[in-house]
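Asker: Predicted structure and sequence below. I'll ask about it afterward.
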Amino acid sequence: MAMAVVTVPMMIARLGGASPVVTAVFLAIVSTILGSAMQVMVKFATEDVHPFEAAFIRAVFGVLLFVPVVMRQGIG
């Protein structure tokens, strides 16, 4: 049996007829789940790394993820 892959954009598309409040609540729940998963992964990944070093690496990767968005849309 093949497992179907469902992404957040696919779920949002299914909510196309939903009210903005329902969509906002859905996105808040998804954000909470993803944030919690990130915290668990950071906890396991930083067992041997100093917390300041882990925070720095996280910030660098965050900036690298947003650079293409800023370059495409501009700063202002």
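Answerer: Perfect, thanks for sending it.

Asker: Mind listing what's buried along the longest helix along the chain?
Answerer: The longest helix of the chain (DSSP state H) is helix 20-45. Within helix 20-45, the residues scored as buried using 16 or more other CB atoms under 10 Å are residue 26. (Each C-beta comes from the backbone N, C-alpha and C, glycine too.)

Asker: and the helix or strand following it, what other elements does it pack with?
Answerer: Next along the chain after helix 20-45, taking DSSP states H and E as the criterion, comes helix 51-73. Where contact means 3 or more CB pairs under 8 Å, 6 or more residues apart in numbering; DSSP states H and E, helix 51-73 is packed against helix 20-45.

Asker: Need the mean per-residue confidence for the helix it packs on.
Answerer: Helix 20-45 shows a mean pLDDT of 87.

Asker: and the angle from that helix to helix 51-73?
Answerer: Counting by axes from the mean of the first three to the mean of the last three CA atoms, to 10 degrees, helix 20-45 lies at 140 degrees to helix 51-73.

Asker: tell me how far helix 20-45 is from the chain's mean position?
Answerer: 7 Å (CA atoms, centre = their mean, to the nearest Å).
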